[in-house]
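how would this look folded up:
(2 chains)
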Amino acid sequence: AQSVTQLGSHVSVSEGALVLLRCNYSSSVPPYLFWYVQYPNQGLQLLLKYTSAATLVKGINGFEAEFKKSETSFHLTKPSAHMSDAAEYFCAVTRGYGGSQGNLIFGKGTKLSVKP
Amino acid sequence: NAGVTQTPKFQVLKTGQSMTLQCAQDMNHNSMYWYRQDPGMGLRLIYYSASEGTTDKGEVPNGYNVSRLNKREFSLRLESAAPSQTSVYFCASSEGLYSPLHFGNGTRLTVT
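So this is what the prediction gives:
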């Protein structure tokens, strides 16, 4: 069965520091993987998605993620944190075969704080 | 462009009361979804509608019903609210089942 584990419910970094948010997945079929961001009192927005075309995926706002099959990981990174990056980040995997977003399994989320 | 609009934004119910959460999208999307978000649990799919006229259960459908009224609107009904249904509810839509999800801003529901 498909599942997603996000390591660390809270991550705190200083402005300008590297952001690394960890996501590991389990999937019995080739996975489609996603990162979403949620700003306070808002819905989720898609940051980036992996659909098997390229292992390094670039998203919005300078974020990128690398799919590593051998490590079953899809960690999210940004070289230099900005105050506006403070939000909650969710990793997700498709439940069924292929890229159907109709049945996504979300991780429990990682709240990112950015210190000035 | 409003995107996905949910009403109401906040609601307090007593145990046993019923209510309907409304969702409308103006992006001409085919697929629509209802999720609930609970602290430390991430988002869990309640029901979804792949296209107008179809609905399917998600991960946590018990205690809920849905109606895909037309292509734009997808409502979620709680027939007899329970405290366990206290949550933030998100509606989302996508062009199809293989397209990115667009979320509304949520409805915060408290059942006392």
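
For residue A:71, see how far away residue A:20 is.
The gap separating residue A:20 from residue A:71 is 14 Å, by C-beta to C-beta, to the nearest Å. C-beta coordinates here come from the backbone N, C-alpha and C atoms, glycine included.

With residue B:2 instead?
From residue B:2 to residue A:71 the distance is 41 Å (C-beta to C-beta).

of all of chain A, which residue lies closest to chain B?
Of all residues in chain A, residue A:43 sits closest to chain B, at 2.9 Å by C-beta to the nearest C-beta.

Next up, the contacts around that residue.
Residue A:43 is in contact with B:4, B:90, B:92, B:103-106, counting by C-beta atoms under 8 Å, 6 or more residues apart in numbering or on different chains.

quick one: contacts for residue B:101?
A:36, A:44, A:46, A:101, A:104, B:33, B:92-94.

Find the pair from those residues with maximum spatial separation.
Farthest apart among the contacts of residue B:101 by C-beta to C-beta are A:36 and B:93. That separation is 14.5 Å.

so of the contacts of residue B:101, which ones are in helices?
Assigned to helices by DSSP state H, none of these qualify.

Name the weakest-confidence residue in these, if you would.
Lowest in pLDDT among the contacts of residue B:101 is residue A:101, which has 54.

show me where pLDDT drops low in chain A?
A:96-102 (pLDDT under 70).

The nearest residue to the residue of chain A closest to chain B once chain neighbours are set aside pairs with what?
Leaving aside its sequence neighbours, residue A:43 sits nearest to residue B:103 (C-beta to C-beta, 6 or more residues apart in numbering or on different chains; 2.9 Å). For residue B:103, the beta-bridge partners are residue B:92 (DSSP bridges).
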